[in-house]
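Undergrad: coords please:
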Amino acid sequence: MVGAIVHQLTRNLKDTQIMESGFAPYFVDHTVGVYPNAASGALFSTGMMAVKGDPMADLAEDLAAEQKARVTYDNILRLSDDPDVNDVIKFLREREIVHFQRFGEAVQLLREKLNQKNVYSMNPAIDL
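TA: Numbers count the residues shown, from 1 in each chain. Have a look, this model is predicted:
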């Protein structure tokens with residue numbers, strides 16, 4: 001969705017707007033195509049997804065990812081004055097909050113099962 005917003009905001013840029021906005025380096029490489037990378041320039045990679053195969057560790061990572069996304073949307077809202085963009089970003093931000101709540105509920109359910117065999121202390125596919 002964010003990629004679609006970027007495309008809509010950049011597809012009709014004039015050459016002077018590209019130069020004045022600081023968008024030129026991106027434009028040289030990608031024109032106005034959506035190329036997923038962070039505002040810092042870090043490119044998206046599957047290495048950004050952390051999975052350990054341990055339910056508690058993975059849920060903690062999921063919780064952190066939802067909060068990081070929410071903070072990113074908060075920052076976009078601080079900088080954006082476009083009502084159409086803001087409406088979409090607010091929707092995405094609300095979605096991150098709901099996901100965080102659901103992952104929190106999953107952590108609580110997992111805590112209730114920690115003493116059961118093969119839930120946390122060992123992986124039955126690996127440990128015998």
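Undergrad: ok, now how distant is residue 55 from residue 114?
TA: Residue 55 sits 9 Å away from residue 114, taking C-beta to C-beta, to the nearest Å as the criterion. (C-beta placed from N, C-alpha, C; glycine too.)
Undergrad: Pick out whichever of the two has more residues nearby.
TA: The neighbour count for residue 55 versus residue 114, taken as other C-beta atoms under 10 Å, is higher for residue 55 (17 against 11).
Undergrad: For the residue lying closest to the more buried one once chain neighbours are set aside, pull up the helix or strand it's in.
TA: Counting by C-beta to C-beta, 6 or more residues apart in numbering, residue 110 is the residue found nearest to residue 55 once chain neighbours are left out, at 5.4 Å. Using DSSP states H and E, residue 110 maps to helix 83-113.
Undergrad: Against which helices or strands is that helix packed?
TA: helix 2-10, helix 55-79 (3 or more C-beta pairs under 8 Å, 6 or more residues apart in numbering; DSSP states H and E).
Undergrad: mind listing what's buried in it?
TA: Of the residues in helix 83-113, 85, 88, 89, 92, 93, 96, 99, 100, 103, 106, 107 count as buried by neighbour count, 16 or more other C-beta atoms under 10 Å.
Undergrad: quick check: angle from that helix to helix 2-10?
TA: Going by axes from the mean of the first three to the mean of the last three C-alpha atoms, to 10 degrees, helix 83-113 is angled at 170 degrees with respect to helix 2-10.
Undergrad: Now helix 83-113: average pLDDT?
TA: Per-residue pLDDT values over helix 83-113 give a mean of 93.
Undergrad: so how far is it from its chain's centroid?
TA: 11 Å (C-alpha atoms, centre = their mean, to the nearest Å).
Undergrad: Ok, stretch 71-91 next?
TA: Remark: stretch 71-91 is offset 14 Å from the chain centroid, using C-alpha atoms, centre = their mean.
Undergrad: burial measure for the closest residue to residue 21 other than its chain neighbours, as a count.
TA: Computed as C-beta to C-beta, 6+ apart, the closest residue to residue 21 that is not its neighbour in sequence is residue 13, at 7.7 Å. When counting by other C-beta under 10 Å, one arrives at 15 neighbours for residue 13.
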